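In: Just to be clear, the model below is a prediction. Sequence and coordinates:
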Amino acid sequence: MLTLQLRSSLAVILSIFVAASPAPLMAKTPKTAETSRLSGRITLENGENAADVRIVMRRMESEAPPLEARTDSRGHYVFKAVRYGYYELAFEKDGVAYASNRLLDIPPDEKVEADFTLGGFRPEDAETALALDDPLPLLGPETRAAGVARLAENFGPSGWAWFRTGKGVAVLVGGGALAVVALIALSDPNPIPNEPVASVAAP
């Protein structure tokens, strides 16, 4: 009888101890660096899709190897895991190398779209320090630029078109009537670029 009571007491004490013990910590997967998805379309100056274009990009001030992708038959490309930061790019199609006229600023954990058009050099390219035969080490030690890949810069609607998107109406309802009217009246349908680098796509 005493043995039975002792066993019962031990069972109760053990159950209390187990209940009072903290729950075991769940193993957590270490958080990796926040990466983004970069995609876009490459076209030629005549508007045709640029198929089988080699795209090489490297994060500035990084020792990591460059990332590389190729366009499909419709000129589309995808980089699925790109760390945030500034990237330099170079393009190659049919043995012709193209220097990018922009760096890409990739934010963390976003879907980024960047379309480029491949073409020859223009006088205005000198303003961005691009010139024929510039070295493109991303594509190889002896590779020289024969053209320019221009980032398509979409600034969105302006003027009354901007107002009709609903953004102007929202500001107007918020009490900024005079400011909105002034902005609409004074806005240029062809605004001066604000030096964008790449547009972030909707999730």
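Out: Okay, I see it. Numbers count the residues shown, from 1 in each chain.

In: Show me this protein divided up by domain.
Out: 35-151, 159-194 (automatic domain parsing).

In: Just say which of the ones you listed is most tucked in.
Out: domain 35-151 (a mean of 16; mean count of other C-beta atoms under 10 Å). (Glycine included, C-beta is placed from N, CA and C.)

In: how about the domains of the chain in TSV, adding mean pLDDT?
Out: Compiled in TSV, the domains of the chain are given as follows (pLDDT from 0 to 100):
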stretch	mean pLDDT
domain 35-151	95
domain 159-194	50
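
In: who touches Ala131 in this structure?
Out: 121, 125, 145 (C-beta atoms under 8 Å, 6 or more residues apart in numbering).

In: Next, check those residues against the strands and list the overlap.
Out: In strands, defined here by DSSP state E, there are no members of the contacts of Ala131.

In: quick one, helices of this structure?
Out: 2-20, 159-164, 167-173, 177-186 (DSSP state H).

In: mind listing what Val148 touches?
Out: 98-101, 118-122, 125, 130.

In: Which strand residues bridge it?
Out: Ala99, Gly119 (DSSP bridges).

In: Let me know the closest of the contacts of Ala131 to Arg74.
Out: When the contacts of Ala131 are compared for distance to Arg74 (C-beta to C-beta), Ala145 comes out closest, at 25.3 Å.

In: I'd guessed the closest one sits against Asn101; true?
Out: No. The pair Ala145 / Asn101 is not scored as a contact, 10.8 Å apart, by C-beta atoms under 8 Å.

In: what's the first-to-last distance across stretch 71-90?
Out: Terminal residues of stretch 71-90 lie 13 Å apart, using C-alpha to C-alpha, to the nearest Å.

In: should've said stretch 103-116
Out: Start-to-end, stretch 103-116 (C-alpha to C-alpha) is 12 Å.

In: Also stretch 69-83?
Out: 15 Å.
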